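Student: Here you go, sequence then predicted model.
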Amino acid sequence: MSLQNLFNEAYYKGKNIKAEILSDLLNSKMMSEIVNNEFFARALAKVIQTKEEVTRAVRRNVQTVFHLMDVPQRHELTQLQRKLEHLEKTVDRVGKRAITIKSLKKIQTSKKGARAVRP
């Protein structure tokens, strides 16, 4: 048996043992009494409430830090991206017009030169 196989087998046996222990624990009378205990229920509710309060506080603090650092928000970046795309299209159109006007001027200049050369 290779070392890798030995590790894999130990890993799966460990997972099975863990599952059995959790099953036994969850199905035990003591766990049932704890879960049905009013004090436990209140404590668990308080933990969940505190977690939500902490999450909100952390989000507010992160937003404040981003504001202080002048980090743009997602909607501002999206708005700038749209403006940039619009400018790119405008530059492309102006560039095409400039090429066309330049080409027309060359054509007109060459026609004038050709007329001047004719006897």
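Tutor: That came in fine, so what should we check first?

Student: Tell me which other helices or strands the longest helix seen in the chain touches.
Tutor: For the chain, the helix with the greatest residue count under DSSP state H is helix 74-117. Here helix 74-117 touches no other helix or strand, going by 3 or more CB pairs under 8 Å, 6 or more residues apart in numbering; DSSP states H and E. For every residue, glycine as well, the C-beta is placed using N, CA and C.

Student: Give me the mean pLDDT for it.
Tutor: Mean per-residue pLDDT for helix 74-117: 80.

Student: Just give me the neighbour total for residue 24.
Tutor: When neighbours are counted by other CB atoms under 10 Å, residue 24 registers 10.

Student: Find the helix or strand that it is a member of.
Tutor: helix 3-27 (DSSP states H and E).

Student: and the gap between the residue sitting nearest the centre point of the chain and residue 84?
Tutor: The centroid of the chain falls nearest to residue 74 when counting by CA atoms, centre = their mean (9.9 Å). Look at residue 74 and residue 84: by CB to CB, to the nearest Å, they are 16 Å apart.

Student: Also residue 34?
Tutor: Here the criterion is CB to CB. By it, residue 34 lies 59 Å from residue 84.

Student: on that earlier part again, show me what the mean pLDDT comes to for the helix holding residue 24.
Tutor: Averaged across helix 3-27, the pLDDT comes to 87.

Student: Show me how far it is from its chain's centre.
Tutor: Distance of helix 3-27 from its chain centroid, counting by CA atoms, centre = their mean, to the nearest Å, is 36 Å.

Student: Identify the residues contacting the very next helix or strand once past it?
Tutor: Going down the chain from helix 3-27, the next helix or strand is helix 29-36, by DSSP H and E. Outside helix 29-36, the residues that touch it by CB atoms under 8 Å, 6 or more residues apart in numbering are 25, 40, 41.

Student: which one of those residues is nearest residue 67?
Tutor: Nearest to residue 67 among the contacts of helix 29-36 is residue 41, at 39.4 Å by CB to CB.

Student: any idea what sits nearest that closest one, other than its immediate chain neighbours?
Tutor: Nearest residue to residue 41, sequence neighbours excluded (CB to CB, 6 or more residues apart in numbering): residue 35, at 8.0 Å.

Student: Burial check on that neighbour, number of neighbours?
Tutor: Per other CB under 10 Å, the neighbour tally for residue 35 reads 11.

Student: That concludes my questions; thank you for your assistance.
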